[in-house]
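Q: Compute the structure for the input listed below.
(chains A and B)
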Amino acid sequence: MAKITYVDHEGTERVVEATNGESVMETAIKNSIPGIDADCGGACACATCHVYVDDAFMEKVGQPEDMEQSMLDFAENVQANSRLSCQISVSDDLDGLKVTTPESQH
Amino acid sequence: MDLSDAKRVVIIGGGQAAAQACASLRLFGYQGDITLIGEEPALPYQRPPLSKAYMKGELAEERLYFKPATWYEDQNIDTVLSVRATKIDRSAQTVALEHGGAVPYDALIIATGSRPRALPVAGADLSGVFDLRDLADVERIRPRMVAGRKLVIVGAGYIGLEAAAVARQLDLDVTVLEMEDRVLARVTSPIMSQFFADEHTRQGVEIRTGAKLAALKGADGKVTTAVLADGTELEADIVLVGIGILPNVELAEDAGIACSNGILTDEDARTNDPRVFAAGDCAARPLVHYGRKGRLESVHNAIEQGKLAAAAITGKPRPTLDCPWFWSDQYDLKLQIAGLSQGYDATVVRGDPEARKFAVFYLQNGKLIAVDAINSPPEFLASKKLIITGAHLAPETLSDTSQSMKEIAAAAV
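A: Now for the predicted structure:
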């Protein structure tokens, strides 16, 4: 189990319990976190689950693979800490993870 | 019609469009009753993985569901499952249920989806012959997907080819039958068809195009043989049927709602009855970037029309309409499709099919109308935007890999 904090673009924080093995995207959808659309359901096909990973967790979360990186290149307002949340798998290591959602996924 | 005082919204159907409508109604501030009437026993779940990761056993069932059961309770959404709606009475504004009773509505969303086209041959009812549409179908199919067994797939559309890829990865002996002279004939260009046929052949699938199934034969009620029109007999332990789907329009038609290959809707997903909306596979909608009406069988469409109906009911501005998009996973290939290629008069290949990373662009009078992108997200994502803006692009620009898609998109007019 890991606790994940989602911060929306206005700064409101929502803390939820996540299940190991599920993605940061799935955790958000099941908890009705606003700001993540995840249209394709986690197939890395749509680039609508873009988040910014808190700097403290960048190393633990790791680097995106090629497919994800090339999708991120087309996201709006992409930053060095941008990830697609469907590609981040929850584990105990990520307990305390904080991600920020962008204003829009489109 | 202003429905902003609606207190009772009823949704017929329990698929992706229905789930989206529920979520969007609440997101848009609707506080009244929501009743979701679904024929299947399951809460709304994702269908795309059924012929991909879920079929292969790589995804747990609970991960298919859009929302957990507690969400529907928390959101005060009444889910009536394993129940068929039998009649829409538009003057009484009620939906009748098969076991009796009727649910009243102020606004109704028809999201009845589609059903597999039935195999029109003798033996289609034998045990071991399956459609691939619902979770229940896959639950029956999966235990039979055992290495070494002989699987015959009828229809080389996306569902059939995705299932073929899963079956080969599970080491079944796979034959795909296609009546047309190429795979994916209805949905893509000859270049793409050839690419996928070659890939499946390389992976050990036997692709038989121009092959018409004449009958299925069995022993003790169980399928054993697929017989082709030319007399060829193929051994079959399992037969999967993927020959297209038909929209479930009967409830709407019986209620006098206008239909023409789908329930006809306007840009707000509204039918000719101002209190009644249609969303997802069952709806024939304006394809605003293409100047025609049509039915889309896709996740994008289910989501978008679910949102449109919810916005219209709650009086919110119409959400921005996206370019139609689709995807398919086969082996390590990710196909991403933007736009609708029907009516193209030129194709442009960018990249190298041999490298398993390339795209085919479809142009009509010089305007980009669609792209099929294999392992090439930039081509897909850039095209989604270019198609909406109606960009005209020169073939030699699109094929020039010394320019990135970002550069090409930035220079497009």
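
Q: Tell me the spatial nearest neighbour of residue A:14, not counting adjacent residues.
A: Spatial nearest neighbour of residue A:14, chain neighbours left out: residue A:6 (4.9 Å); criterion: C-beta to C-beta, 6 or more residues apart in numbering or on different chains. The C-beta positions use only the backbone N, C-alpha and C, and glycine is treated the same way.

Q: and the one you found, helix, strand or coil?
A: Of the three states, residue A:6 takes strand under DSSP: H, G, I helix; E, B strand; the rest coil.

Q: Tell me which residues touch residue 101, please.
A: With no chain named, the answer covers chain A. A:6, A:7, A:8, A:9, A:28, A:33, A:34, A:35, A:36, A:50, A:51, A:52 (C-beta atoms under 8 Å, 6 or more residues apart in numbering or on different chains).

Q: The same query, at a cut-off of 6 Å, please.
A: A:8, A:35, A:36, A:51 (C-beta atoms under 6 Å, 6 or more residues apart in numbering or on different chains).

Q: if we look at chain B, which of these are close to it?
A: By C-beta under 6 Å from any C-beta of the partner chain, no member of the contacts of residue A:101 lies near chain B.

Q: related to what we said a few turns ago, I'd like the distance between the residue nearest to residue A:14 and residue A:24.
A: Using C-beta to C-beta, to the nearest Å, residue A:6 is found at 9 Å from residue A:24.

Q: Next: residue B:48.
A: Counting by C-beta to C-beta - residue B:48 and residue A:24 are separated by 20 Å.

Q: the more surrounded of those two?
A: residue A:24 (27 against 24; other C-beta atoms under 10 Å in any protein chain shown).

Q: how about that one, what does it touch?
A: By C-beta under 6 Å, 6+ apart, the contact set of residue A:24 is A:85, A:88.

Q: change it to 10 Å
A: Residues near residue A:24 by C-beta atoms under 10 Å, 6 or more residues apart in numbering or on different chains: A:2, A:4, A:6, A:18, A:33, A:36, A:49, A:51, A:53, A:61, A:83-90, A:94, A:97, A:99.

Q: phi, psi of it?
A: phi -60, psi -30 (degrees, to the nearest 10).

Q: Contact partners for the most centrally placed residue in chain A?
A: Nearest residue to the geometric centre of chain A (C-alpha atoms, centre = their mean): residue A:85, 2.9 Å. Residues near residue A:85 by C-beta under 10 Å, 6+ apart: A:4, A:6, A:23-29, A:33, A:36, A:38, A:42, A:48-51, A:53, A:61, A:99, A:101.

Q: at 8 Å instead, please
A: Residue A:85 makes contact with A:23, A:24, A:25, A:28, A:36, A:38, A:49, A:50, A:51, A:99 under the criterion C-beta under 8 Å, 6+ apart.

Q: Over to residue B:389?
A: By C-beta under 8 Å, 6+ apart, the neighbours of residue B:389 are residue B:412.

Q: before we move on, what about the one 4 residues further on?
A: If you count contacts by C-beta under 8 Å, 6+ apart, residue B:393 has them with B:361, B:363, B:366, B:368, B:386, B:408, B:412.

Q: Phi, psi for it please.
A: Residue torsions, per degrees, to the nearest 10, at residue B:393 are phi -140, psi 140.

Q: before we move on, back to that, what's the most distant pair in the contacts of residue B:393?
A: Pairwise distances across the contacts of residue B:393 peak at 14.5 Å for B:366 and B:408 (criterion: C-beta to C-beta).

Q: The two: who's more crowded?
A: Using other C-beta under 10 Å, the more surrounded residue of residue B:366 and residue B:408 is residue B:408, with 21 against 12.

Q: The more buried one: helix or strand, and which one exactly?
A: Here residue B:408, judged by DSSP states H and E, is contained in helix B:405-411.

Q: Kindly report the same for residue B:200.
A: helix B:190-202.

Q: so how far is the helix or strand that that helix is followed by from its chain's centroid?
A: Downstream of helix B:190-202, the next assigned helix or strand under DSSP H and E is strand B:206-209. Strand B:206-209 sits 24 Å away from the centroid of its parent chain (C-alpha atoms, centre = their mean, to the nearest Å).

Q: Give me the mean pLDDT for strand B:206-209.
A: For strand B:206-209, the per-residue pLDDT values average out at 98.

Q: Which strands or helices does the helix or strand following that strand pack on?
A: Following the chain from strand B:206-209 toward its C-terminal end, the next helix or strand by DSSP H and E is strand B:213-219. The elements that strand B:213-219 packs onto, with contact taken as 3 or more C-beta pairs under 8 Å, 6 or more residues apart in numbering or on different chains; DSSP states H and E, are strand B:222-228.

Q: coming back round to it: for the residue nearest to residue A:14, list each beta-bridge partner.
A: residue A:14, residue A:99 (DSSP bridges).

Q: residue contacts, it?
A: A:13, A:14, A:15, A:16, A:28, A:33, A:35, A:51, A:98, A:99, A:100, A:101.

Q: Quick check: closest non-adjacent residue to the last one.
A: Put plainly, it is residue A:101. In space, residue A:101 is closest to residue A:35, 3.0 Å off (C-beta to C-beta, 6+ apart).

Q: hang on, isn't that neighbour packed against residue A:8?
A: Yes: in this structure, residue A:35 is within contact of residue A:8 by C-beta atoms under 8 Å, at 5.2 Å.

Q: neighbour count winner among the two?
A: Taking other C-beta under 10 Å, residue A:35 and residue A:8 do not tie; residue A:35 has more neighbours (22 against 16).

Q: got a list of what the more buried one touches?
A: A:6, A:8, A:9, A:101, A:102, A:103, A:105.

Q: so what's it scoring on pLDDT?
A: 89.

Q: what about it, is that helix, strand or coil?
A: Assignment for residue A:35 (three-state DSSP): coil.

Q: Against chain B, how distant is it?
A: The gap separating residue A:35 from chain B is 11 Å, by C-beta to the nearest C-beta, to the nearest Å.

Q: Next, give phi and psi for the one residue in the stretch 1-150 of chain B that gets nearest to chain A.
A: Using C-beta to the nearest C-beta, the closest approach of the stretch 1-150 of chain B to chain A is made by residue B:46 at 4.6 Å. For residue B:46, the backbone dihedrals are phi -80, psi 130 (criterion: degrees, to the nearest 10).

Q: quick one, what contacts the residue lying closest to it once chain neighbours are set aside?
A: Once flanking residues are discounted, residue B:46 sits nearest to residue A:41: 4.6 Å by C-beta to C-beta, 6+ apart. Listed by C-beta under 8 Å, 6+ apart, the contact partners of residue A:41 are B:46, B:48, B:49, B:66, B:299.

Q: ok, which residues in chain A are in contact with chain B?
A: Within chain A, the positions lying close to chain B (C-beta under 8 Å from any C-beta of the partner chain) are A:22, A:26, A:29-30, A:32, A:34, A:39-47, A:67, A:70-71, A:73-74, A:106.

Q: what's next to the helix or strand of chain A with the lowest mean pLDDT, contact-wise?
A: The least trusted helix or strand in chain A, going by mean pLDDT, DSSP states H and E, turns out to be helix A:66-72, with a mean of 91. Outside helix A:66-72, the residues within contact range by C-beta under 8 Å, 6+ apart are A:44, A:47, A:50, A:64, A:78, A:82-84, A:87, B:334, B:375-378, B:381.
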